[in-house]
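**Student:** 3D model of this:
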Amino acid sequence: MTQPIRVVIGAGTTNNNPGWIHTQEDELNLLHPDDWDRAFEPDSVTAVLAEHVWEHLTYEEGVRAAKVCYRYLKPGGYIRCAVPDAYFPDEDYQRLVQVGGPGPIDHPAASHKIVHSYKTLTSMFEQAGYRVQLLEYCDESGQFHAVPWDESQGFIYRSKRFDHRNRDGRLGFVSLIADAYKPVIPS
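**Tutor:** Modelled structure (predicted):
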């Protein structure tokens with residue numbers, strides 16, 4: 001049996017997902033289908049992990065990127081996506097993750113194009129044909145919600161369990177985390 005193909009998009013210098021293929025934007029761009037054609041066969045990828053990547057795309061680009069991934073995901077495959085949460089009730093956090101970023105042009109958040117809520121992220125993936133399961137998110141009142149999820153299926157550092165800023169029962173930094181599944185079409 002062949003090993004599953006699992007891909008980390010925008011991996012940076014982290015390697016918290018052993019056995020996954022770690023990529024950077026210049027080698028596997030979410031908006032460039034040709035990059036994907038060179039790397040993968042259609043319906044061959046089991047999982048795509050994108051931690052704090054999709055906020056660097058507009059909503060429309062996010063739908064396009066999800067459609068590119070859809071072509072390469074196996075039926076039942078998924079994208080585990082984590083982005084800043086528009087409903088997390090912390091002013092400093094919101095200033096940090098805002099569109100355009102908090103300050104200098106070289107700050108990573110300077111290229112943020114959207115701050116997703118659970119509604120916009122779900123809508124974006126559903127528009128591209130996925131079924132979405134929310135793993136961690138805040139609702140409109142700022143209430144945090146989470147379901148148990150398996151980090152071996154895609155480790156997200158900026159999460160309730162793993163981010164060092166979350167301690168002593170206080171949330172210091174969270175992400176909106178969702179799994180977007182490519183449906184299995186019954187034969």
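**Student:** At which residues are the strands of the protein located?
**Tutor:** Assigned by DSSP state E, the strands in the chain fall at 5-8, 21-22, 45-51, 73-83, 131-138, 144-146, 176-181.
**Student:** Mean neighbour count and distance to Arg161 for the ones you listed - can I get that in CSV?
**Tutor:** C-beta coordinates here come from the backbone N, C-alpha and C atoms, glycine included. As requested, the strands of the chain are exported to CSV (neighbours: other CB atoms under 10 Å; distance: least, CB to CB, whole Å):
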stretch, mean neighbour count, distance to Arg161
strand 5-8, 22, 19
strand 21-22, 18, 22
strand 45-51, 24, 14
strand 73-83, 23, 12
strand 131-138, 19, 9
strand 144-146, 13, 9
strand 176-181, 24, 11
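**Student:** List just the one of those strands that sits closest to Asp92.
**Tutor:** strand 131-138 (15.1 Å; CB to CB).
**Student:** For that closest one, what is the distance to the chain centroid?
**Tutor:** 11 Å (CA atoms, centre = their mean, to the nearest Å).
**Student:** Okay, angle between it and strand 176-181 too, please.
**Tutor:** If you take axes from the mean of the first three to the mean of the last three CA atoms, to 10 degrees, strand 131-138 sits at 170 degrees to strand 176-181.
**Student:** measure Arg64 to His164 for me?
**Tutor:** The gap separating Arg64 from His164 is 34 Å, by CB to CB, to the nearest Å.
**Student:** Same question for Asp26.
**Tutor:** 29 Å.
**Student:** tell me the mean pLDDT for the longest helix along the chain?
**Tutor:** For the chain, the helix reaching the highest residue count under DSSP state H is reported as helix 59-72. Averaged across helix 59-72, the pLDDT comes to 98.
**Student:** The most centrally placed residue in the chain - nearest residue in space that isn't next to it in sequence?
**Tutor:** The centroid of the chain falls nearest to Cys81 when counting by CA atoms, centre = their mean (1.9 Å). Nearest non-adjacent residue to Cys81, counting by CB to CB, 6 or more residues apart in numbering: Ala50, 5.1 Å away.
**Student:** Arg64 and His164: which is more packed in?
**Tutor:** Arg64 (16 against 8; other CB atoms under 10 Å).
**Student:** how far away is the nearest residue to the more buried one once chain neighbours are set aside from Asp168?
**Tutor:** Once flanking residues are discounted, Arg64 sits nearest to Leu31: 6.0 Å by CB to CB, 6+ apart. From Leu31 across to Asp168, the span is 41 Å (CB to CB).
**Student:** Nice, that's everything, thank you.
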